[in-house]
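Novice: Quick one, what's the 3D model for this:
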Amino acid sequence: MTKPKGFEKPVGVRDYLPYAVDKLRAIEQNVLDCMSRWGYRQIMTPTMEFYDTVGVASSTSDQKLFKLLNNRGTTLVLRSDMTSPIARVVSSLLKEEPLPIRLSYHANVFRAFEEEAGREAEFFQTGLELVGDDSPEADAEVVALAIASLKAAGVTSFKIAMGHVGFLNGLFEEVLAGGVHEQQMLKQHLLDRNYVGFRKAIRELELTISDSQRQELEAILRLRGGKEICDQAMALSEHELARSSINHLCKVWEVLEAYGVSEHVLIDLTMIGDFSYYTGMTFEGYAAEIGFPVCSGGRYDNLLRQFGRDVPATGFALKTNRILDGIHGNVEEVVRPVLIRYNAANRKKGLERAGELRSRGLAVVTRLIHDGEAVPAEADGLYDRVEDFF
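Specialist: A predicted model of the protein is given here:
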C-alpha cells in the first residue's frame, strides 16, 4: 500500500469550501428554524457510540459501520444515523420527560461503502423524531413537516411516496403463510426497486401458490397513486394486519388533506423502507432535479424497546448533502464583506469604523496599507465595497 500524498484524503469524504459551507449552513438553519416553529427542540449526541448499544440497534448493516477501539479495547462506532442515539437519550436522560417528545437535529453521520460505489462515507442529515405517539395524526405531522422542511431547504419541486410495512407483511403472510424465505426474497426485491426480479420470483413460486395468489402478489406493483389506492388495497387482501395498516394509512392521508399538502403525496404500497427496522408507515421524498431520495422516514415502534423504554416513535431525515449538491432553490446568497483599508496614522479611525459596521451585523475585513505602498486594485466581486482611511 502506497503512502498517501500530503493533499490526499480518504475515499468517501470531502472538503467543503467556503461557498459550499455558506449554502450548507443556510439550508441547515432554515430547516431547523422550520422544525422549531412546529415545537421541535434541537439535540446533539456524540460522534462516537458504543457498538454494543447504539451500533447494534442501528438500522445500518454491520458491514457498513465504522468501528474503532478505544484505549480499553472496547469497540466503538461512528454514528451511522441519529435515530438510534436519540433513542438512547430518550430512554435515559429524558426518561422522566412526559410524552410525546419532539426533537430535531443536524449532524454528520458515517457509513462505510465499497470504494467503487462512489458514495459518501461521511454526510449530513437534518431531521427529527416524534416519540410517544402512535396515532395517524403523528405520522401525518411528520410527513407534513418533511414537506415544509423541503420547502425551507429550497426544494421547489418534489413528491413524497408513502407506504406501509404492515400491509406487505399481512399480504405476504396471507399468500405465503410460513414462507419466511420467500417473503424475505420478495421484500428485498421491492426494497431494491427490482420489479423485474419481483415478477420473476413470483413466477418461480407458481408450483406452491395458486393463479389467483400470483395475481394478488403482482397487483402490488399497481398500487401507486392517490387516495383511491386505499380502496384498491382493501379489496386485495382480507388479512387483518394488511387491512388495519391500510386503514391507518387512509387516516394519515385524511390528515394530510387537512394540512393542505396532499398534492405533494402519493401512496406507493411497493414502498417498504428497511423492513427489518420500520414497523408502520414509511415514506421517501424525491426532488425533480435529483434521481435519488432527498428525504426518508417512517415509524419504528420497536427501537426504543432495545434501550429499555417501550414507546412508539416516528421521524425522518433530510439528506442534506444531496440538497446541497443538486438543488438550486431559495437558499440565501453569500454576503460579501466590506473592506476597510487604513494607514498607520489612521489605524484607530479605520478599526473604529470596522467595529461600528460589525455591530450593525455587517462582515468587515481590515487591511493596513504601509506608508509608501501602492494601494492595490481589489478583485472584482470579492468585497461589497471598500472604505479608505489614509
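Novice: Next secondary structure after the helix or strand in which Leu168 is found?
Specialist: Element membership for Leu168, per DSSP states H and E: helix 165-175. Sequence-wise, the next helix or strand downstream of helix 165-175 (DSSP H and E) is helix 180-191.
Novice: I'd like to know which elements that next one is packed against.
Specialist: If you count contacts as 3 or more Cβ pairs under 8 Å, 6 or more residues apart in numbering; DSSP states H and E, helix 180-191 packs onto helix 165-175, helix 195-204. In short, each C-beta sits where N, CA and C put it, glycine included.
Novice: Format those helices as CSV; extra columns: mean neighbour count, mean pLDDT and distance to Val21.
Specialist: Formatted as CSV, the helices and strands packed on helix 180-191 follow (neighbours: other Cβ atoms under 10 Å; pLDDT from 0 to 100; distance: least, Cβ to Cβ, whole Å):
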stretch, mean neighbour count, mean pLDDT, distance to Val21
helix 165-175, 23, 90, 37
helix 195-204, 14, 87, 40
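Novice: wait, which of the ones you listed is closest to Ser59?
Specialist: helix 165-175 (12.7 Å; Cβ to Cβ).
Novice: Taking helix 180-191 as reference, get the angle to that closest one.
Specialist: Angle of helix 165-175 versus helix 180-191, following axes from the mean of the first three to the mean of the last three Cα atoms, to 10 degrees, is 140 degrees.
Novice: Would you mind giving the helices and strands packed on helix 180-191 as a markdown table with distance to Asn108 added?
Specialist: Output for the helices and strands packed on helix 180-191, formatted as a markdown table (distance: least, Cβ to Cβ, whole Å):
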| stretch | distance to Asn108 |
| --- | --- |
| helix 165-175 | 28 |
| helix 195-204 | 34 |
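Novice: ok, back up a step: how far out from the middle of the chain is the helix holding Leu168?
Specialist: Relative to its chain's centre, helix 165-175 lies at 27 Å (Cα atoms, centre = their mean, to the nearest Å).
Novice: i'd like the first residue to be 885 from this point on
Specialist: Got it, the first residue is 885 from now on, which makes the last one we talked about helix 1049-1059.
Novice: angle of it against helix 1079-1088?
Specialist: Orientation note: helix 1049-1059 sits at an angle of 20 degrees relative to helix 1079-1088 (the same axes, to 10 degrees).
Novice: Tell me the helices and strands packed up against helix 1049-1059.
Specialist: By 3+ Cβ pairs under 8 Å, 6+ apart, helix 1049-1059 packs against helix 1064-1075, helix 1095-1102, helix 1124-1143.
Novice: same thing but at 10 Å, please
Specialist: helix 1064-1075, helix 1095-1102, helix 1112-1120, helix 1124-1143, strand 1165-1171, strand 1177-1183 (3 or more Cβ pairs under 10 Å, 6 or more residues apart in numbering; DSSP states H and E).
Novice: Could you pull out the buried residues of the longest one?
Specialist: Burial within helix 1124-1143, assessed by neighbour count using 16 or more other Cβ atoms under 10 Å, is assigned to 1125-1127, 1129-1137, 1139-1140, 1143.
Novice: in stretch 1062-1072, what counts as buried?
Specialist: By neighbour count on 16+ other Cβ under 10 Å, the buried set for stretch 1062-1072 is Gly1063, Glu1066, Gln1067, Met1069, Leu1070, Lys1071.
Novice: list the contacts for the nearest residue to the fifth one once chain neighbours are set aside?
Specialist: When you say that, I think you mean Leu1070. In space, Leu1070 comes closest to Ala1085 once its chain neighbours are excluded; the distance is 5.8 Å by Cβ to Cβ, 6 or more residues apart in numbering. Residues in contact with Ala1085 (Cβ atoms under 10 Å, 6 or more residues apart in numbering) are Glu1066, Met1069, Leu1070, Gln1072, His1073, Asn1078, Leu1101.
Novice: just Glu1100 next, same as before
Specialist: Leu1055, Glu1058, Val1059, Ile1086, Ile1093, Ser1094, Leu1120, Ser1121 are the contacts of Glu1100 under Cβ under 10 Å, 6+ apart.
Novice: and the second one, how far is that from Val897?
Specialist: With distances taken as Cβ to Cβ, to the nearest Å, Glu1058 is found 46 Å from Val897.
Novice: just the fourth one next, same as before
Specialist: With the distance defined as Cβ to Cβ, Ile1086 ends up 42 Å from Val897.
Novice: With the last one instead?
Specialist: Look at Ser1121 and Val897: by Cβ to Cβ, they are 46 Å apart.
Novice: just Phe1082 next, same as before
Specialist: Applying Cβ to Cβ to Phe1082 and Val897 gives a distance of 35 Å.
Novice: quick one on the thing from earlier: which of the buried residues of stretch 1062-1072 scores worst on pLDDT?
Specialist: For the buried residues of stretch 1062-1072, the weakest pLDDT value sits at Gly1063, with 82.
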